[in-house]
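Trainee: Need coordinates for the following:
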Amino acid sequence: MSKHYSVAVFALLLSLQACGGDDRGQIDDDVTDDDHVTDQDTDEDIVSDTDVLGDTDNLPAVTITQQPANKTVVEGAPASFSVVATNATGYQWQRSSDGVAPFVDVSSATLAEYTTPATSLADNGARYRVVVTGAANSVASQA
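Mentor: Below is the predicted model:
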């Protein structure tokens, strides 16, 4: 009598998705000279963005020119993502377990490319995004 075995291969969908909202992935608006902190008793300026950052009106804004793409991988395989941006000075990849949970920074994932560790069934439905930072603003990817 022979034994029959059934083997299932699970495909995991790891997709990138930025938080929603009207600004579609914008984390920080361009800093303007109108941004300031005031003393609530005297209504006097304590510090303004110009005091901290200098004049940012002429700094080039970060623009994502190629969004990271969704990936489907088999269990045990890593997933690789990349982003292309102009005027970028830094990157921080973030993960949400399901797109509803808050995005959390992925430690040491600070380049334009990110490769996950080997995936497991627990990674199914996870969402990744990258926050790209520049001198004038920060923008989150959307996919």
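Trainee: drop to CA atoms for contacts and neighbour counts, all remaining ones
Mentor: Will do.
Trainee: Can you get me a residue count around residue 106?
Mentor: 16 (other C-alpha atoms under 10 Å).
Trainee: hey, where'd the helices end up in this protein?
Mentor: With helices called from DSSP state H, the chain shows them at 49-53.
Trainee: Where does the prediction get shaky in it?
Mentor: Flagging of the chain using pLDDT under 70 yields the residue ranges 1-56, 143.
Trainee: One more pass at 90, please.
Mentor: Along the chain, segments meeting pLDDT under 90 span 1-58, 98-100, 142-143.
Trainee: As a check, name the ranges of all strands in it.
Mentor: Ranges of strands within the chain are 11-16, 26-28, 36-38, 45-48, 63-66, 71-74, 80-82, 84-86, 90-96, 104-105, 113-115, 127-133, 138-140, based on DSSP state E.
Trainee: got the contact list for the nearest residue in space to residue 94 that is not next to it in sequence?
Mentor: In this structure, residue 94 finds its nearest non-sequential neighbour in residue 105, 4.3 Å apart by C-alpha to C-alpha, 6 or more residues apart in numbering. By C-alpha atoms under 8 Å, 6 or more residues apart in numbering, the residues touching residue 105 are 92, 93, 94, 95.
Trainee: same check, this time on residue 130
Mentor: Contacts for residue 130 (C-alpha under 8 Å, 6+ apart) come out as 83, 91, 92, 93, 94, 140, 141.
Trainee: From residue 115, how far off is the nearest residue to it once chain neighbours are set aside?
Mentor: Of all residues not flanking residue 130 in the chain, residue 93 sits nearest, at 4.2 Å (C-alpha to C-alpha, 6+ apart). Distance of residue 93 to residue 115, given as C-alpha to C-alpha, to the nearest Å: 10 Å.
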